[in-house]
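S.K.: Fold the following and give me the result.
(2 chains)
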Number of protein chains: 2
Amino acid sequence: MSEPTTVAAGVSTADKDQALVNKTMENAHSAFQLYRRIPAKDRALFLETIGKEMDKIREELVAVAGKETHLPAARLNGEINRTIGQANLFAALIREGSWIEAAIDTEDPGRTPPKPDTRKMLIPVGPVVVFGASNFPFAFSTAGGDTVSALAAGSTVVVKGHSAHAQTSELVFGAIQKAIEATGMPPMTVQHLLGSGRTVGIALVVHPYTTAVGFTGSFSGGKALLEAAQRREQPIPVHAEMSSINPVVLFPDTLEKNAAALAKTYAGSITLGMGQFCTNPGVLLGVKSPALNNFLSLLATEIAAIEPAKMLHKGICEAYTEGLNTMLGHQGLTVVGEAARTAGDMEARPLVASVPASVFLKNPQLSEEVFGPFSLCVVCDDKQQLASTLKNFKGQLTTTIMGTPEDVRANMDIIELQQQFAGRVILNNVPTGVEVNASMVHGGPWPATTDGRFTSVGTSAIQRWVRPVCFQNFMDEMLPAELKNANPLGIWRVVNNNFTRDKIG
Amino acid sequence: MSEPTTVAAGVSTADKDQALVNKTMENAHSAFQLYRRIPAKDRALFLETIGKEMDKIREELVAVAGKETHLPAARLNGEINRTIGQANLFAALIREGSWIEAAIDTEDPGRTPPKPDTRKMLIPVGPVVVFGASNFPFAFSTAGGDTVSALAAGSTVVVKGHSAHAQTSELVFGAIQKAIEATGMPPMTVQHLLGSGRTVGIALVVHPYTTAVGFTGSFSGGKALLEAAQRREQPIPVHAEMSSINPVVLFPDTLEKNAAALAKTYAGSITLGMGQFCTNPGVLLGVKSPALNNFLSLLATEIAAIEPAKMLHKGICEAYTEGLNTMLGHQGLTVVGEAARTAGDMEARPLVASVPASVFLKNPQLSEEVFGPFSLCVVCDDKQQLASTLKNFKGQLTTTIMGTPEDVRANMDIIELQQQFAGRVILNNVPTGVEVNASMVHGGPWPATTDGRFTSVGTSAIQRWVRPVCFQNFMDEMLPAELKNANPLGIWRVVNNNFTRDKIG
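M.R.: Residues are numbered from 1 along each chain as shown, chains lettered A, B, ... in the order given. Got it, this is the predicted structure:
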């Protein structure tokens, strides 16, 4: 986005940045007054058109993103598909319409005191600031999940593009602009800023017209935005998806029976996309046994065969190397296996280490995320120590159970513990790979996210950008379509405590 | 609650308080591990039994609360009814069961990559700390809305009783204890603390085992708890309902036609319970006209006839007197009318003042809440100034439209503005009086509450104490009843994007 012409020459960069942020948020606020009144079916068409416009420039998107992120074309194409799929999913959600949680209690004039008619639905909060994620140049960036869920809700969006894929971000924003024009949305419904580091980002978060924030990235980045939002005169919610090591518990029976398949599967999951996923399995847990040793040696063989590859950008690669060195500097930690080939420029070398649970429990640093193709196997003396270790985990996006039916039946107490710290509990799948649907939870207690009561993936992600409002004693003609007696949109509503699509009266 | 015996004689009060808080939260945490597994139908019976036990000691409750709060017996009896009604409402909600928002997407092994089965529901977050409210000794205190909504969700509760009605709080806690025994709940499912000022309160909020907080009270009190919660290593949500002046817009046609009825109605609402309601109409807005002047003079007559009465406690009475004096000290403010009789000891004297909108807009202090029987009429020059004034309001619990159908049709732009800052928008009712049902919103943007996306009254209040969890690829036998294929609880679920009560397969 070009700078507004009202900024005089000779002013400082900080002043220019602030003027740009002010102008952008004023635009977002004004556009919101128009956009929030646009019927859901028209917003749905807008979202679908964003997808179509992205598809039209797919080749260019893949080429430019490939250069900027070093991600292979197949992955980028898959991610574009997911991004278009997300836009279509939210379009379908709002076209159907029941997501607004309409609840109606009709009047009872005969009660003492007379009972008024009250009707509730969800409405958009206002302009939302979305930060592009470095590891998802499409699905969690400019037209990604945060953006389309906010647009679906009826909020306008200001995207702060990620500097690691600025050109890709500009291209995607171009597709959004075409969709805005084609479907007649207010021109400033989505705006796009690229800026230097955190200054512009913080200025966006603290602007009085900003009503909510979406972020996917590091713990320190998310925490900085949250703290800025809390310092405001009117605090606002920050939905940051930050840090998770996604503990995987390997149970004895499956280790006995399926060690080779487990090793192959987890070598793949740990190194998928060079480990640059929030759901990367950063910790494997098991009770010590010959079967566990056998699994680890098979895993070492699998990892040795993995080719190091370039990471997303220099900063991430340096952080991985540094994180790995810190990790390996801990006494009691043993390297299980690593990629046979050493890492070249900007490449990450996959590595798996192991540590006794007693050491893991004493060193909180060992449960910090190392973003990249690394996993730590925590070897427990017995089931009791496994339980203690699980009780000690902070909030996580996911946790996984690898076990046979016999393992499961013998360990429901362990599985119960896993349910208490994670947003998603997985049986015999890998945590990498997140379905985008109504039942997905990509969230979890702090520090996985800033608010474990929400998800950033799936249709429920829309709940981050809305608030309920109750209309009391309104005439039918004043009510939004969702709450009118005739139920013209045919949505599901709770009417006098019953779920129904019927009209009233 | 008596102090734990582990505290040695001779330790400081601060150390004793901390030891008490530690012990209490450890109990709440342990009890949670049991309570969260108790089936909803048994939790429902527990909630209903709390109501029954309260009803058994109703006479004593009314007598003691009357002494402690100066509220009349009729009001206290009504509030006990509401409190019992709330417990029963949440019992009905969890017995029916659909509130947990079950969503299921079944597997598709034929997809590339294979699509796993994912199933989502809401689970309780953990121990909740509830602060009793001074102005609702029953409905928002020990067994009030925050407590029963948290218990319904499956969370354990620690109540910090309000010192202004400590004995009432102890009595209600006794009723809860009887219900715990009668229904076989874990003994520490609800605990009760009374403590000196904010020390114990803050210690409860920052304890690592506390997962969420409910509060109804002053802006400064709510903000202090929120800030304490944000300073934690793991921040937690604080749901504080704090400050609201509930703007009422009086439209021209109704002022012409219904001035006498309006004056009578609003004199009643402003002074109901000596103005000690969060929904008290603290601001009336209108465009200057002879009809508005006529209304104000009728209102003055009505207010003059109101008897001053004792406020809840000394602190509130002093704060009212001080707030009123500060208010009346502003240049440009005129007294419209006040109660004929001067206020006696601990009594509040009802008063209505007026101010030109131009003055109101320039003095942010004039839109601060004066908790008590006071209202300020803001007189606007024209509709445009009315719109400017409305745009300037911070978040509110409610806003009200007093208008004929003609007023409404001519002022939909004004009504749209009202919807943007409030949790509840009311037509031709008074804001005092809050229905407890599925469609109620008792919430609103900051500073009305700490998070406008939630309500503290009505069944949706349960959403404050839960988070979603997704089970991926689970065997049917591992799933909670709510998510099993057979749908044994018969709840509404979203299965492959369709609302249904059908079983799967």
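S.K.: Over to residue A:153: give its phi and psi.
M.R.: Main-chain torsions, residue A:153, degrees, to the nearest 10: phi -70, psi -20.
S.K.: I'd guessed it sits against residue A:466; true?
M.R.: Yes: judged on Cβ atoms under 8 Å, residue A:153 makes contact with residue A:466 at a distance of 5.1 Å. Where you see a C-beta, it was placed from the backbone N, CA and C, and this is true even at glycine.
S.K.: When the two are compared, which one has more neighbours?
M.R.: Legend: neighbour count by other Cβ atoms under 10 Å in any protein chain shown for residue A:153 and residue A:466, higher for residue A:153 (28 against 24).
S.K.: May I have the strands that pair with the strand or helix carrying residue A:104, each with its orientation?
M.R.: Following DSSP states H and E, one finds residue A:104 within strand A:103-105. Here strand A:103-105 is paired, per DSSP bridges, with strand A:118-124 (antiparallel), strand A:493-495 (parallel).
S.K.: now these as CSV including mean pLDDT and mean neighbour count?
M.R.: Converted to CSV, the strands paired with strand A:103-105 look like this (pLDDT from 0 to 100; neighbours: other Cβ atoms under 10 Å in any protein chain shown):
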stretch, mean pLDDT, mean neighbour count
strand A:118-124, 98, 23
strand A:493-495, 98, 24
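S.K.: For residue B:483, which of those strands is the nearest?
M.R.: Proximity to residue B:483, assessed across the strands paired with strand A:103-105 by Cβ to Cβ, is greatest for strand A:493-495 (20.7 Å).
S.K.: what's in contact with the next helix or strand after the closest one?
M.R.: Toward the C-terminus, strand A:493-495 is succeeded by strand A:498-500 as the next helix or strand (DSSP H and E). Residues from elsewhere that reach strand A:498-500 (Cβ atoms under 8 Å, 6 or more residues apart in numbering or on different chains): A:492-494, B:98, B:492, B:499.
S.K.: hmm, try it at 6 Å
M.R.: residue B:492 (Cβ atoms under 6 Å, 6 or more residues apart in numbering or on different chains).
S.K.: just stretch A:131-142 next, same as before
M.R.: Contacts with stretch A:131-142, where a contact means Cβ under 6 Å, 6+ apart, come from A:65, A:69, A:79-80, A:82-83, A:159-162, A:164-165, A:168-169, A:172-173, A:215-217, A:276, A:312.
S.K.: tell me the SS of the residue nearest the centre of chain A?
M.R.: Central residue of chain A (Cα atoms, centre = their mean): residue A:456, 4.1 Å from the mean position. Three-state call for residue A:456 (DSSP: H, G, I helix; E, B strand; the rest coil): coil.
S.K.: wait, it sits on residue A:441?
M.R.: No: the pair residue A:456 / residue A:441 is not scored as a contact, 9.4 Å apart, by Cβ atoms under 6 Å.
S.K.: Which SSE is immediately downstream of the helix or strand bottoming out on mean pLDDT in chain A?
M.R.: Least confident helix or strand, chain A: helix A:197-206 with a mean of 90, by mean pLDDT, DSSP states H and E. Counting by DSSP H and E, the next helix or strand C-terminal to helix A:197-206 is strand A:212-216.
S.K.: could you give the angle of the following helix or strand past that following strand to helix A:197-206?
M.R.: On the C-terminal side of strand A:212-216, the closest following helix or strand by DSSP H and E is helix A:219-231. Computed with axes from the mean of the first three to the mean of the last three Cα atoms, to 10 degrees, the direction of helix A:219-231 lies at 40 degrees from that of helix A:197-206.
S.K.: Now do helix A:219-231: everything it contacts.
M.R.: Helix A:219-231 is contacted by residues A:202, A:205-206, A:213, A:215, A:235-236, A:238, A:240, A:242-243, A:447, A:450, B:230 when judged by Cβ under 6 Å, 6+ apart.
S.K.: mind checking how far the host helix or strand of residue A:150 is from the chain centre?
M.R.: Secondary structure from DSSP H and E places residue A:150 in helix A:145-153. Remark: helix A:145-153 is offset 12 Å from the chain centroid, using Cα atoms, centre = their mean, to the nearest Å.
S.K.: Just the buried ones among the contacts of helix A:219-231, please.
M.R.: A:202, A:205-206, A:213, A:215, A:235-236, A:238, A:240, A:242-243, A:447, A:450 (16 or more other Cβ atoms under 10 Å in any protein chain shown).
S.K.: Now for these: which two are most distant?
M.R.: Longest span within these, Cβ to Cβ: A:206 and A:243, 23.2 Å.
S.K.: Any residue of stretch A:447-462 touching chain B?
M.R.: Yes: Stretch A:447-462 is in contact with chain B by Cβ under 6 Å from any Cβ of the partner chain, via A:452-453.
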